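Trainee: Starting from these lines, generate the structure:
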Amino acid sequence: MYPSLTPPRQVKIGDAAAFAGITPRAIRHYHQIGLLPEPERGGDGRRRYGYDDMIRLLWIRRMADAGISLDDMRAAFSEAGDEALDHAPDIESVLSRLEETLAAQEAAIKRRRAAVQRLQAVGSPLGLLSELVTDRLRHLPPGALRPSDLDALLVTERIFGPLGAAIQTSTFIVLATHPDLRAEEDRLEAAEAALDDGVEPDDTLVEELAVQRCAHQMALTQAIEAAGLDAAEEKIFEIYDADLKGEEGTTMSAAAAITKMPYDFSPARMRCAELAGRLFGEALADTHSADS
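Mentor: This is a model prediction of the structure:
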């Protein structure tokens, strides 16, 4: 039994802020300074945020975490309790808290310096992703990854953390190094995008595309295994440190994400994705049974 979850096409400012890990007030400030275009308002007079808005918000947060100022972000986007007074304060306690504060600031500076160095070494925006992700992709030639690939990794890292995004990089490595698979990916994405609201969910085209998508996913899986990327994934699981510094608060549950990250998918496209996922799961199960 596969649960059917339909993401919203647009979300309100509260859900947008929750997904991005910021506050509605911060989003309103971004509108005021021109960092984030103000979206159209719905029939109830409230702003509605779509996929592109969420991508911008996620990049803004990552750039802020890297220590990039809002003014510099805007330029980049335009170009592509009080102490009581009746007794003496506890000096030792004050010094202890000050030491903790300075240690936290020092750690934050080190993280930001590391982020800047990674940006210089890897390039932007790839360097804004976790080191676990960039390490797997740094060998690819410039331009091998598409902006949409990085967007997908950004979303995956927000939901599943650095480990989930690092595993997903195998797919993009294969797409970047296998022109035939990239061409098929482009064809399928275009065909799926054409499943608009004018297409009925039970149209035979939906099932045909689902079968083709499943076959493509199996081809990607085989290419990943042939390149030894699956073995690299196993090593990542072995060495992964769940307490990677600088990654606190970057993930959220998939159940929460599905209600806050908007994708403008029609019912037909949603059914195609669900059917393709089910077929792919069955195909993998059959393959494992045959191997055993």
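Trainee: mind checking the SS state of Phe265?
Mentor: Under DSSP: H, G, I helix; E, B strand; the rest coil, Phe265 falls in the coil class.
Trainee: for the worst-scoring helix or strand of the chain on mean pLDDT, packing partners?
Mentor: Taking mean pLDDT, DSSP states H and E as the measure, the helix or strand of the chain with the lowest value is helix 91-122, at a mean of 75. Helices and strands touching helix 91-122, by 3 or more Cβ pairs under 8 Å, 6 or more residues apart in numbering; DSSP states H and E, are helix 131-137. To be clear about C-beta, it is placed using only N, CA and C from the backbone, and glycine gets the same treatment.
Trainee: What's the mean pLDDT across the helix or strand following the helix it packs on?
Mentor: Following helix 131-137 in sequence order, the next helix or strand is helix 147-177 (DSSP states H and E). The average pLDDT for helix 147-177 rounds to 94.
Trainee: name the helices or strands packed onto helix 147-177?
Mentor: If contacts are counted by 3+ Cβ pairs under 8 Å, 6+ apart, helix 147-177 sits against helix 51-65, helix 131-137, helix 179-193, helix 204-226, helix 229-239, helix 254-258.
Trainee: how far does the least confident helix or strand of the chain sit from the chain's center?
Mentor: Offset of helix 91-122 from its chain centre (Cα atoms, centre = their mean, to the nearest Å): 26 Å.
Trainee: Can you point out the buried residues in it?
Mentor: With burial defined by 16 or more other Cβ atoms under 10 Å, the residues of helix 91-122 counted as buried are Arg111, Ala115, Arg118, Leu119, Val122.
Trainee: Tell me the predicted confidence for the closest residue to Asp151 other than its chain neighbours.
Mentor: Distance criterion Cβ to Cβ, 6 or more residues apart in numbering; nearest residue to Asp151, sequence neighbours excluded, is Ile55 at 5.4 Å. Ile55 is assigned 92 on the pLDDT scale.
Trainee: how deep is Ile55 tucked in, by neighbour count?
Mentor: 19 (other Cβ atoms under 10 Å).
Trainee: Kindly report the same for Ile236.
Mentor: Using other Cβ under 10 Å, Ile236 has 17 neighbouring residues.
Trainee: Could you report the pLDDT at it?
Mentor: Ile236 is assigned 85 on the pLDDT scale.
Trainee: where does the protein dip in pLDDT?
Mentor: 1-4, 79-98, 241-251, 291-292 (pLDDT under 70).
Trainee: tell me the contacts of the most centrally placed residue in it?
Mentor: By Cα atoms, centre = their mean, the mean C-alpha position of the chain lies nearest to Val155, the distance being 1.5 Å. Residues near Val155 by Cβ atoms under 8 Å, 6 or more residues apart in numbering: Ile55, Leu58, Met261.
Trainee: now His178
Mentor: Ala223.
Trainee: Next: Thr259.
Mentor: Counting by Cβ under 8 Å, 6+ apart, Thr259 touches Pro7, Pro8, Asp15.
Trainee: Go again with 10 Å.
Mentor: Counting by Cβ atoms under 10 Å, 6 or more residues apart in numbering, Thr259 makes contact with Leu5, Thr6, Pro7, Pro8, Val11, Asp15, Ala18, Phe19.
Trainee: Just the buried ones from the residues you listed?
Mentor: Buried among the contacts of Thr259 (16+ other Cβ under 10 Å): Pro7, Pro8, Val11, Asp15, Ala18, Phe19.
Trainee: Could you find which two of those are furthest from each other?
Mentor: Based on Cβ to Cβ, the longest span within the buried ones among the contacts of Thr259 runs between Pro7 and Ala18 and measures 14.1 Å.
Trainee: Report the contact partners of the nearest residue to Asp197 once chain neighbours are set aside.
Mentor: Counting by Cβ to Cβ, 6+ apart, Asp197 lies nearest to Ser266, which is 4.8 Å off, once chain neighbours are set aside. Neighbouring residues of Ser266 by Cβ under 10 Å, 6+ apart: Arg9, Glu192, Ala193, Ala194, Leu195, Asp196, Asp197, Gly198, Val199, Glu200, Pro201, Cys272.
Trainee: By neighbours, which of those wins?
Mentor: If you count neighbours using other Cβ under 10 Å, the busiest of the contacts of Ser266 is Cys272, which has 28 neighbours.
Trainee: Report the buried residues of stretch 224-234.
Mentor: Buried residues in stretch 224-234, defined by neighbour count with 16+ other Cβ under 10 Å: Ile224, Leu229, Ala232, Glu233.
Trainee: In TSV: those, plus distance to Leu284.
Mentor: Converted to TSV, the buried residues of stretch 224-234 look like this (distance: Cβ to Cβ, whole Å):
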residue	distance to Leu284
Ile224	12
Leu229	16
Ala232	19
Glu233	15
